[in-house]
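J.: Fold the following.
(one chain, ligands or ions: 3)
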Amino acid sequence: MSAPVLVLNTGSSSLKYRVVDAADGTVLASGLVERIGEATGRVEHRVDGSTHAVDVPVADHEAAIAAALDAFATHGPDLAGVGLRAVGHRVVHGGTRFAEPVLVDDDLVAAVHELAPLAPLHNPANAVGLEAARRAFADLPHVAVFDTAFHQTLPPAAHTYAVPAAWREAGVRRYGFHGTSVAFVSRAATAALGRAVDDTRLIVLHLGNGASATAVDGGRSVATSMGLTPLEGLVMGSRSGDLDPAVLGHVRRELSLDADEVERQLNAASGLRGLAGDNDMRGVVAAAEAGDADAELALDVYCHRIRSYVGAYLAQLGGLDAVVLTGGVGENSLAVRARALDGLAHLGIEVDAHRNVTERPGPGWAARISPDGAPVAVLVVPTDEEWEIASQAVALLDAAAGARPGGS
Ligand SMILES: Nc1ncnc2c1ncn2[C@@H]1O[C@H](COP(=O)(O)OP(=O)(O)O)[C@@H](O)[C@H]1O
Ligand SMILES: CC(=O)OP(=O)(O)O
Ligand SMILES: [Mg+2]
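T.: Ligands and ions are numbered 1, 2, ... in the order given. Predicted coordinates for the structure are as follows:
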């Protein structure tokens, strides 16, 4: 049954949107509004294989949603005519409160605001997007789907930081992110392996702009690399990932930076950008191939960190059926895939050089790039957070309708 959902992924300076059929993931249209709040903005709308781009200033998130609506009105599809079931929202931080998708109401918006100190880069924008979208689509149900929700199954040993009680009481713990993506690719990987969910152990490497590793045991997240915020763990496009916490005090004293500036630089001026001057993996790989020593080191650090997590999570899981690669880098960078998993054959993890080039995954299904007979499969699965958000939104609405007297 067709169930189109408008999915919104609101960032601090961008709005990504997609009209997706929850039943099969078909995309009716998608788009991106960039540089919100700056002097020049851009709206890119994709429909029927064409991209329509226009450079216009976009004052705020309200204006971004208006710009997206304009693009729908001009280029189609007619949103009033597609029978939208709901608006689905990506919300990054749900704290410990939200383990499931929820219907958006005033209390939910207030909760997303309240959680902003735990995700200062993401939640304020998510809350503004929620409010603007509720005004623009007042007649539709809105559903929030949280990046953190899938990681609510982390056992205390995996989510507790060894810090004073007062800090823990203030909410300092590991929450984990990218959960919507990890849930989606885990299901696809388990299906590709032909295994029962309960009996499947996976390490999911979501390598996009943000990057994370998650150990999934029987469909549940049991360890994950992102922490209180999406800064911890793997090396990312512009985020440092793990470092000695004493570095913060050191650079504050030695470089006279205040706490906000240290955090800003760890989020926005570190990672690949800090090491190689470029947050885009394509540029870093090209520079390394051209002999750039900084880019070469950046790749080494990036891959070394991934291997450390794979080894650690293999130990935590006590066995492994597959390493699952996803995100822009995991899905597309053959060089990083091969390099990150190099030298792990003694653990049963190996990338077949030929398959790495020839095997191509499709929407929702996996490509196997490990050799035949390898003890651990290496799978590439394209993530689709928007489809996952749309399906979770429709499942929630169906359950609510079923629970109502007279509901179907
Ligand atoms: N063909 C490719 N080779 C290497 N890296 C790629 C390729 N295509 C995309 N990427 C990288 O994927 C990253 C973006 O991943 P993506 O999952 O789209 O990000 P986001 O977190 O914004 O959703 C960028 O670093 C980009 O360079
Ligand atoms: C939570 C997070 O890091 O998301 P993204 O990878 O989209 O930045
Ligand atoms: Mg992403």
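J.: And the strands in the stretch 101-250 of the chain?
T.: 102-103, 142-146, 201-207, 211-217, 220-224 (DSSP state E, counting those that start in this stretch).
J.: residues in contact with the residue of the stretch 251-400 of the chain found nearest ligand 1?
T.: Nearest to ligand 1, among the residues of the stretch 251-400 of the chain, is residue 328, at 2.2 Å (C-beta to the nearest ligand atom). To be clear about C-beta, it is placed using only N, CA and C from the backbone, and glycine gets the same treatment. By C-beta atoms under 8 Å, 6 or more residues apart in numbering, the residues touching residue 328 are 207, 208, 209, 281.
J.: Lowest pLDDT pick from those?
T.: Within those, the minimum per-residue pLDDT falls on residue 209 (90).
J.: On the pLDDT front, check the residue in the chain positioned nearest to ligand 2 for me.
T.: Nearest residue of the chain to ligand 2 (C-beta to the nearest ligand atom) works out as residue 210 at 2.3 Å. At residue 210, the model reports a pLDDT of 93.
J.: Pull the number of nearby residues for whatever residue of the stretch 101-250 of the chain ends up closest to ligand 1.
T.: Closest contact between the stretch 101-250 of the chain and ligand 1, by C-beta to the nearest ligand atom, is at residue 208 (2.5 Å). If you count neighbours by other C-beta atoms under 10 Å, residue 208 ends up with 19.
J.: swap in residue 311?
T.: As a measure of burial, residue 311 has 14 neighbours, counting by other C-beta under 10 Å.
J.: any idea how far it is from residue 319?
T.: 13 Å (C-beta to C-beta, to the nearest Å).
J.: Over to residue 62?
T.: 51 Å.
J.: show me the contacts for the residue nearest the centre of the chain.
T.: When C-alpha atoms, centre = their mean is applied to the chain, the residue found nearest the centroid is residue 178 (3.7 Å). Applying C-beta under 8 Å, 6+ apart, we find residue 178 in contact with 147, 206, 210, 212, 214, 226, 230.
J.: List phi and psi for the first one.
T.: In other words, residue 147. Dihedral pair for residue 147: phi -60, psi -30, per degrees, to the nearest 10.
J.: just the helices in the stretch 1-150 of the chain please.
T.: Assigned by DSSP state H, counting those that start in this stretch, the helices in the stretch 1-150 of the chain fall at 61-75, 106-114, 123-136.
J.: whoops, the stretch 201-350 of the chain was the one
T.: 246-255, 259-268, 271-276, 281-289, 293-317, 327-332, 334-340.
J.: Between the ones you listed, which one is closest to residue 36.
T.: Each of the helices of the stretch 201-350 of the chain was scored for nearness to residue 36 using C-beta to C-beta, and the closest is helix 259-268 (16.5 Å).
J.: residues in contact with the closest one?
T.: So helix 259-268 is contacted by 120, 121, 231, 238, 239, 240, 243, 248, 251, 252, 257, 274 (C-beta under 8 Å, 6+ apart).
J.: could those go into a markdown table alongside distance to ligand 2 and neighbour count?
T.: Compiled in a markdown table, the contacts of helix 259-268 are given as follows (distance: C-beta to the nearest ligand atom, whole Å; neighbours: other C-beta atoms under 10 Å):
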| residue | distance to ligand 2 | neighbour count |
| --- | --- | --- |
| 120 | 12 | 16 |
| 121 | 8 | 20 |
| 231 | 9 | 22 |
| 238 | 10 | 19 |
| 239 | 8 | 27 |
| 240 | 13 | 20 |
| 243 | 17 | 12 |
| 248 | 20 | 15 |
| 251 | 23 | 15 |
| 252 | 24 | 14 |
| 257 | 23 | 15 |
| 274 | 16 | 17 |
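J.: Rebuild those residues as a markdown table, extending it with distance to residue 129.
T.: Converted to a markdown table, those look like this (distance: C-beta to C-beta, whole Å):
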| residue | distance to residue 129 |
| --- | --- |
| 120 | 15 |
| 121 | 14 |
| 231 | 21 |
| 238 | 22 |
| 239 | 22 |
| 240 | 27 |
| 243 | 31 |
| 248 | 30 |
| 251 | 33 |
| 252 | 33 |
| 257 | 31 |
| 274 | 29 |
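J.: one step back: among the contacts of residue 328, which one sits closest to residue 14?
T.: Among the contacts of residue 328, and counting by C-beta to C-beta, the member closest to residue 14 is residue 209, at 11.3 Å.
J.: Ignoring the adjacent residues along the chain, who's closest to the closest one?
T.: Distance criterion C-beta to C-beta, 6 or more residues apart in numbering; nearest residue to residue 209, sequence neighbours excluded, is residue 237 at 4.2 Å.
J.: neighbours around that neighbour, how many?
T.: By other C-beta under 10 Å, the residues close to residue 237 number 21.
J.: Kindly report the same for residue 133.
T.: Look at residue 133: counted by other C-beta under 10 Å, it has 25 neighbours.
J.: so who does it touch?
T.: Contacts of residue 133 (C-beta under 8 Å, 6+ apart): 8, 65, 87, 89, 142.
J.: Can you name the residues of the stretch 101-250 of the chain that neighbour ligand 2?
T.: Taking C-beta under 6 Å from any ligand atom, the part of the stretch 101-250 of the chain that reaches ligand 2 is made up of 147, 177, 178, 208, 209, 210, 230.
J.: Widest-spaced pair of those residues?
T.: The span of these, defined through C-beta to C-beta, is set by 147 and 209 at 13.6 Å.
J.: OK, contacts around the nearest residue to residue 211 once chain neighbours are set aside?
T.: Leaving out its chain neighbours, the residue that sits closest to residue 211 by C-beta to C-beta, 6+ apart is residue 234, at 4.1 Å. Residue 234 makes contact with 205, 207, 211, 212, 213, 225, 241, 302, 305, 306, 309 under the criterion C-beta under 8 Å, 6+ apart.
J.: And the pLDDT at residue 408?
T.: For residue 408, the pLDDT comes out at 46.
J.: same question, residue 64
T.: 94.
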